[in-house]
Every structure is written in structure tokens, then in C-alpha cells.
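A.B. asks: my questions are about this predicted structure, shown below with the sequence.
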Amino acid sequence: MKPALLRAADIAAGAESGAHPWNPKSEVRGTRLGVATGLVRTGVNLYRIAPGKESFTYHAHYYEEEWIYILSGRAIAEIDGVEHEVGPGDFLGFAADGATAIAHHLRNPFAEELVYLCGGEHRDHEVADFPRQGYRMVKRGKNVELYKISDGKKPFPALDP
């Protein structure tokens with residue numbers, strides 16, 4: 001059984017680096033707090049982005065909600081093509097209703113490290129668009145498929161929300 005309490009030292013010791021393969025500037029370091037405590041339906045993560053680096057890649061979810069809460073530092077949050085400077089105390093919430101999705105991404109062009117909490121749902125199915133790469137990802141359980149958005153394939157009817 002995983003611990004229900006994580007001490008600050010455990011969180012720091014559990015930090016790992018990660019990056020999105022489609023974004024050469026993607027580089028985050030942090031701890032997946034939800035996983036470490038055994039949460040299976042909710043993701044909660046503590047992440048850091050160094051100056052000049054970015055979170056993952058510009059994307060939008062159709063079924064899994066996602067959120068970000070800035071603890072320290074500043075970033076540029078791109079939300080549906082519009083850039084917003086965000087800083088400590090700012091909250092970003094990306095609702096997902098199966099029909100519309102809010103594309104988003106974080107980058108840190110500033111001199112100070114960005115520290116934030118983020119999380120969201122872990123559902124058995126998900127559809128996510130990666131508009132800059134032109135791909136749609138469809139996840140059904142452990143099966144993940146990529147489609148070219150330009151193919152016009154709309155896999156939504158095959159999913160049961």
C-alpha cells in the first residue's frame with residue numbers, strides 16, 4: 001500500500017525529469033504526487049520548468065479535465081492561441097466535455113524557475129488533439145492510437161463517455 005502522507009523530503013527525493021518527444025524545448029522536473037500516494041482516478045503533480053524551457057506540447061483534451069496552479073515564478077500560458085503571462089496564485093482550469101477542447105501549453109521565457117501544481121483525471125478513454133503536429137490521440141484503456149487530424153476521422157462515436 002502506498003503512503004497517504006508524503007513529506008517534503010520524500011517529494012524532493014521522488015523528483016524525475018520528463019519531456020514531450022514532439023517538443024525539443026520540453027523539459028520538466030517534478031514528482032507525481034498522486035501516483036506516489038496511490039491515487040488512480042486523479043493526477044496531482046508538482047512540476048518545475050527551468051528558464052528557457054517548456055512544459056510538454058500544445059494540446060487539448062476532450063474527456064479528461066486538467067488544471068494548473070502557479071506556486072512561484074512566471075510563465076506564458078498559451079490558451080486557444082492567446083498568450084497570457086501567469087504568476088504565483090494564478091489558476092488555469094481546462095474543462096473537457098467530449099465535444100470541445102481548450103488547447104493549452106506553458107513556457108518559461110523568464111530568468112526564474114517556474115514551480116506549479118497540475119493535475120487532472122485518469123479516465124479509461126481520452127481523445128486529445130496536438131494541433132501543431134496535426135495529430136489526434138485516441139486512448140481506449142491501454143490502447144493508444146494516433147490519427148492525422150487532416151484525415152477528418154472523428155473517433156468520438158466509438159467512445160463511451
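C.D. replies: The structure has been received and is ready for your questions. A quick note: this is a predicted structure, and the numbers were derived from the prediction, not measured.

A.B. asks: which strand residues bridge residue 130?
C.D. replies: Under DSSP bridges, the beta-bridge partners of residue 130 are residue 135.

A.B. asks: is it true that it touches residue 58?
C.D. replies: Yes - counting by Cβ atoms under 8 Å, residue 130 does reach residue 58; the two are 7.1 Å apart. (Glycine included, C-beta is placed from N, CA and C.)

A.B. asks: of those two, who's got more company?
C.D. replies: It is residue 58, of residue 130 and residue 58, that has more neighbours when counted by other Cβ atoms under 10 Å, with 23 against 20.

A.B. asks: residue contacts, that one?
C.D. replies: 78, 103-105, 130-132 (Cβ atoms under 8 Å, 6 or more residues apart in numbering).

A.B. asks: per-residue pLDDT of it, please?
C.D. replies: Here, the pLDDT recorded for residue 58 equals 97.

A.B. asks: please report how far it lies from residue 15.
C.D. replies: Relative to residue 15, residue 58 is positioned 25 Å away (Cβ to Cβ, to the nearest Å).

A.B. asks: helix, strand or coil: sort out the nearest residue to residue 38 once chain neighbours are set aside for me.
C.D. replies: In space, and not counting its chain neighbours, residue 38 is closest to residue 2: 3.5 Å by Cβ to Cβ, 6 or more residues apart in numbering. Residue 2 carries the three-state label coil when classified by DSSP: H, G, I helix; E, B strand; the rest coil.

A.B. asks: can you pull the phi/psi pair for residue 2?
C.D. replies: phi -80, psi 150 (degrees, to the nearest 10).

A.B. asks: number of residues surrounding residue 37?
C.D. replies: Neighbours of residue 37 (other Cβ under 10 Å): 13.

A.B. asks: pretty sure it sits against residue 1.
C.D. replies: No - between residue 37 and residue 1 there is no contact under Cβ under 8 Å: 10.0 Å.

A.B. asks: which elements pack onto the longest helix anywhere in the chain?
C.D. replies: Counting by DSSP state H, the longest helix found in the chain is helix 8-13. Helices and strands in packing contact with helix 8-13 are listed as helix 33-36; criterion 3 or more Cβ pairs under 8 Å, 6 or more residues apart in numbering; DSSP states H and E.
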